[in-house]
Structures are given as structure tokens and as C-alpha cells.
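Sequence first, then the predicted structure:
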Amino acid sequence: MRVLLISANKVTAPYPVNPIGLEYVAGIIAHEHEVRVVDVLANEGLASIQEECLGFMPDVIGVSIRNVDAADPAVPDEFVDGYVALVAAIRAVTGVPVILGGSGYSIFPDELLAATGADFGVVGEGEWLVDVLRSLGSGSDVAKIPVVHIQGGTPPLPMAWHGRIERLADPERTVQSHYAAQSGILNIQTKRGCPHRCAYCTYPRLEGRFTRRLSPGDVGAEARCLQDNGAKFLFVVDSTFNTDPEHNLAVAEAFIRHGLSIPWGAFFAPIPAGPGYYRRLVESGLTHVEFGTESLSDPVLGRLMKPYRFCDVIQSHREAQASGAWVAHYIMCGGPGETEETLSQTLDGLEELENTVFFFSCGVRIYPHTPLHEIAVREGQIQAGDNLLKPVFYEPDGLPVAAIAERVRTAARGRSNWIIGTGDIRVQRLVRMMYKRGEVGPLWHRLIG
């Protein structure tokens, strides 16, 4: 079959993101089918996507939905209307089956299938599409595949993919060249699954709680391939990179062995790693450490089900900085147990983290099938069956999200390294200008005074 995979993502802040998930899907199905990856951003709109449909003449079209909204109460950006328009544009030029997938779809399968009118969807990891294509080719009933969701049916649970994980890295059949030219950033994955149980997070449901490691040698070879394809910076998209330090170090050795010469970054949990860990990663090219810190109040960290406390954040920060890496922290204000006092603990505690950047999220989006969802139901903030496709944010008792945001804005005034959300228009324009001048990578380190 001829299979067209379309990334529907249109978000460019803080920087445009290459659709890595579709490239892994394409890598598996390319052994049996002719496949091409395109996206709405790189192809500059729906008319261009229609041209791709007419030119490539696919037998099947897969649409990947990454996010359903900005997950920020201050930025009421909801993306569903764009996905509805994309499917309608596809339907206007071809009658082939349209299949939904991606993380956003897998969180809201019923709602998005109904809204878009697509034929059916694949819940969970997209590599299962290879089974769908075999079923379509043989004329058997795709609804019998455990990860397939059809309108009117009960959405299945996501299932971890235990087959080979292989990426299509051909610039002629992907959009890698576009993203390499935009920000210089391409992305890479070293493992799937997350053993943490953070209250708000959807990763354990989407990828499972058990870690599935990619071969360090394969990761190193893929990284070198991306570098040869024009990448100037690699970002590791693992939910949390340092859940497996031994594997991390093996990946770093593979980067060195394969001659990777470009910098890279990743998301880390602020869990102390011990002597030499960050330094060895830096020797392999690590330059940007992004900690998912969320709070500096131990009671709030406990309610968020985090596996660390404030003292661990301080130690991890110092370990990473001592290695020579740039460090940033993501702070999530407004979770369960947040009070005026705990918010003060966080804002005051930030003063102990020097030479860094803070990214603030004021308000915690409630997603189905998370511990936070259960908490919100118990507290009567939502009903168990509520449709959460339109974003709903957790409200701490006696502390409105709007008041939290105002307090953070006041504390951030005059501090260029305190960024709320994705930054204001001025910050976003500055980032675009720097990319046009040829600078590459995340660029947030430029905000450190």
C-alpha cells in the first residue's frame, strides 16, 4: 500500500518540533509499504496537504494528533477545530480510509473520532498501524485488533508495542530537513515507558510503566544519521531521561563511539545521580539539562507523587551545573495541596537555584485516567464522566488559579530568566529572530544573566 502519514501539529512555541512519532511508525511499516511523512507546518497549510494527497495517491492516510490544547489557562488555544478542518480537507480530495493516532488522540479517542469523522483510530503506540494495514490488505475486520477504536465502540486501553522500534530517517520521505533548517533541532528517543507515577501525567498510560530500552548502539547510529542529515542539536524525547542512569551512560558512550559532534539535551527528574554522571554525559555532548522540578514545597511534591524532595532538587541542580551543563527548571504551580504558604516556599526556594532559567505553568490541566483526575472527582471539582476535551484545570482549595498566576507574574517582574508559559510575544519574536540569524538549539540558556 501507499501510506501517507500526516502530523497535524501546528504549535511552534517555544520552537517547532519534528514529528518523531510518525517517523518511528514509518520505520516499521516501510518494510511492507511505500510511506511518506508530511506535516501541516512544513507543508504550510491545508492546500499543500491536499496537493500531497493528490500527488502521492495514498491508499491509507494516518493523522497524528499530538496536543489538543495549550494546557495553559492563560492561553485559551484549543486545536480541535484545526484537526476537524484537516480531516475535512483530506475528505475533499480522497475517499481512502483516514486513521487517527498520536498521544492527543490516545487520551481522547472517543471525543476526537466523533469530532473529526475519521474512519477509526489506533490508541497507544503508533507502530500497531502495521497490523491495521495487514488487516486492511487482507480484507479482515480491523475492529478485531485490540488497539483499534471505531465510532460507537468502547475505546481500548493503550497497549505497549513490544516489536522492533525502528525509525525512518530518510529526509526525502520525512520533514526532517524543514526542522533542521528552522531551529537546527531534531529529536531522538532512547527508551519508552515511565516508572514514575506523577499525579498529572499521561505518559504511564500512553507508554506503560515498564521501561523498554532501545539498544544504545542503535541510538548512537541514529544520532549520527540525524547529524549527517543536517541536525545541529538533538533533543531526547524520553518522558524522563534519567530513570535508568546505567542505560543513559551506555547511550552517551555510543554517542562518542559514533562520532556525534553536535550538542544535545533532555528532560531529567531532579534525582541526585552521584559523582561523574553528568560529567560523562557532558563529555558526550550534553549541554542542556531541563529538570521537571514542578515545586519546591515538599508537601506539594508529595501530593504530586514525585520521587524527590527539595533537598534533592538542590543537589541535582548543583551536580548538573558543576559538570558544565546549562540548567533549567519547569515549575508547576497550583497542584493538589497548593496553598499560599507552599507557593511561597517554591518562590522563595527558587532563590537558591542560581544561574538558571525557570519555566512556570500556572494551573494543572486535568487529564482522564490520571491520579489527578481521581483527586478532582473525589473533591467534586469534576464528575467521573465529564468530557475533558475542553481543558479543565485543577483548583486548589481557597487558592484560585488566577490568583496563583498573578502572584507568579509579580514575582517574575524584571527577571528575564523567569518565563511564564511559553513566554510573551516579545520572547517568542526574539527566539524567531535568533533562529533566522542562524542560531540553533533551545536558546533558553541565553536568558541566564
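In hand now; what should we look at? Numbers count the residues shown, from 1 in each chain.

going forward, measure contacts and count neighbours with C-alpha atoms only.
OK.

Just give me the neighbour total for the nearest residue to residue 296 once chain neighbours are set aside.
Among residues not flanking residue 296 along the chain, residue 346 sits closest, at 4.4 Å (CA to CA, 6 or more residues apart in numbering). A total of 20 residues lie near residue 346 under the criterion other CA atoms under 10 Å.

ok, residue 346 - contacts?
295-297 (CA atoms under 8 Å, 6 or more residues apart in numbering).

Next: residue 88.
So residue 88 contacts residue 116 (CA under 8 Å, 6+ apart).

hmm, try it at 6 Å
Going by CA atoms under 6 Å, 6 or more residues apart in numbering, residue 88 touches no other residue.

Give me the distance between it and residue 117.
8 Å (CA to CA, to the nearest Å).

which residues of the stretch 101-250 of the chain fall in strands?
All strands of the stretch 101-250 of the chain, identified by DSSP state E, counting those that start in this stretch, fall at 120-122, 148-150, 185-188, 191-192, 212-213, 233-236.

dump the residue contacts of the residue most central in space within the chain.
What sits nearest the mean C-alpha location of the chain, by CA atoms, centre = their mean, is residue 237, with 6.8 Å. The contact partners of residue 237, by CA under 6 Å, 6+ apart, come to residue 189.

How about the one 4 residues further on?
When contacts are counted by CA under 6 Å, 6+ apart, residue 241 touches 267-268.

Based on its surroundings, how many neighbours for residue 12?
Neighbour tally, residue 12, other CA under 10 Å: 12.

switch to numbering from 331
Sure thing, new numbering starts at 331, so read that last one as residue 342.

then the host helix or strand of the residue nearest to residue 626 to CSV, C-alphas only?
Assigned by DSSP states H and E, residue 676 belongs to helix 670-679. Only the C-alpha atoms of helix 670-679 are listed here, as CSV (Å, rounded to 0.1, in the frame of the first residue of the first chain):
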residue,chain,number,x,y,z
GLU,A,670,-0.3,30.5,49.9
GLU,A,671,2.4,29.0,52.1
THR,A,672,3.5,26.3,49.8
LEU,A,673,3.6,28.8,46.9
SER,A,674,5.8,31.0,49.0
GLN,A,675,8.1,28.0,49.7
THR,A,676,8.5,27.4,46.0
LEU,A,677,9.1,31.1,45.0
ASP,A,678,11.5,31.6,47.9
GLY,A,679,13.3,28.4,47.2
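
now the following helix or strand past it: how far from the chain's centre is it?
Next in sequence after helix 670-679, counting helices and strands by DSSP H and E, comes strand 687-692. Distance, stretch centre to chain centre, for strand 687-692: 17 Å (CA atoms, centre = their mean, to the nearest Å).

Partner strands of strand 687-692 and their direction?
strand 656-663 (parallel), strand 748-750 (parallel) (DSSP bridges).

As TSV, those with distance to residue 452, mean pLDDT and mean neighbour count would be great.
Listed next are the strands paired with strand 687-692 as TSV, based on distance: least, CA to CA, whole Å; pLDDT from 0 to 100; neighbours: other CA atoms under 10 Å:
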stretch	distance to residue 452	mean pLDDT	mean neighbour count
strand 656-663	31	98	23
strand 748-750	34	94	21
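
Output these in CSV, with distance to residue 685 appended to each entry.
Formatted as CSV, the strands paired with strand 687-692 follow (distance: least, CA to CA, whole Å):
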stretch, distance to residue 685
strand 656-663, 8
strand 748-750, 11
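
what's next to the helix-or-strand element of the chain with minimal mean pLDDT, contact-wise?
Within the chain, judged by mean pLDDT, DSSP states H and E, the helix or strand with the poorest mean is helix 755-766; its value is a mean of 81. Contacts to helix 755-766, defined as CA under 6 Å, 6+ apart, come from residues residue 513.
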